[in-house]
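Trainee: Sequence first, predicted coordinates after that:
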Amino acid sequence: MQNMIKNALNGADLKYQTLRQNENQIVLKLGMQLENGRTDTFIDIRPNEDQVIIQTALPNNIPANHRDRMANFLTRANHGLIIGNFEMDYSDGEVKYKVTFIYDSTIEKSGMVFLRNLFTSFTMMDKYLPGIMSVIYANVSPENAIHQVENTANPKMN
């Protein structure tokens, strides 16, 4: 499993480093410059369980005084998502977009499946990053920020 993931990363010309490697877990890290900001992505490979967890994290934590508003925003963002979800650690304000899947070596295109999940985490973080920033730094309400990000009309604004 780890060889397939490393080969897929190399094939996509993505640079990474190994943070942890033992028989139960391999953790890879790559920095990614997205259109709307920079993130760090962690790929947590758990060979014994055939699990892969991809977490794309904001480089800065949410300040304590904005965490309730951010939780509101992330809950709205998560509503209706099909692949992955946002999560925030209330204790330190870390925000991640997480995609998980069960690895199946019998699937012929396992590398492509992995990359699609990886790029989904990049795409979703990049899409919602302007809303996250507007809630924190521009004092935009979570509800209005979601409508801006998702290009939907806010019925309260009519």
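Mentor: Cool, got the structure. Residues are numbered from 1 along each chain as shown.

Trainee: Which of the residues in stretch 146-155 are classified as buried?
Mentor: 146-147, 149 (16 or more other C-beta atoms under 10 Å). Every residue, glycine included, has its C-beta placed from N, CA and C.

Trainee: need those residues in CSV with distance to Leu9, can you?
Mentor: Formatted as CSV, those follow (distance: C-beta to C-beta, whole Å):
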residue, distance to Leu9
Ile146, 32
His147, 36
Val149, 28
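
Trainee: Keep only those of those residues that are in helices.
Mentor: 146-147, 149 (DSSP state H).

Trainee: residues contacting the residue most central in space within the chain?
Mentor: Nearest to the mean C-alpha position of the chain, counting by C-alpha atoms, centre = their mean, stands Tyr97 at 2.4 Å. Each residue near Tyr97 by C-beta atoms under 8 Å, 6 or more residues apart in numbering is listed here: 55-56, 84-86, 121, 124-125, 128.

Trainee: For those residues, pick the one with the most neighbours.
Mentor: Thr56 (27 neighbours; other C-beta atoms under 10 Å).

Trainee: distance of it from Ala64?
Mentor: For Thr56, the distance to Ala64 (C-beta to C-beta, to the nearest Å) stands at 22 Å.

Trainee: likewise Asn24?
Mentor: Where Ala64 is concerned, Asn24 sits at a distance of 34 Å (C-beta to C-beta).

Trainee: next one: Asn151
Mentor: 31 Å.

Trainee: correct me, but Gln55 touches Thr100?
Mentor: No. Gln55 lies out of contact with Thr100 (C-beta atoms under 8 Å); the separation is 9.1 Å.

Trainee: wait, what's in contact with the residue nearest to Leu74 when sequence neighbours are not counted?
Mentor: Closest residue to Leu74 apart from its sequence neighbours, by C-beta to C-beta, 6 or more residues apart in numbering: Phe86 at 4.3 Å. By C-beta under 8 Å, 6+ apart, the contact set of Phe86 is 74, 77-78, 95-98, 124, 128.
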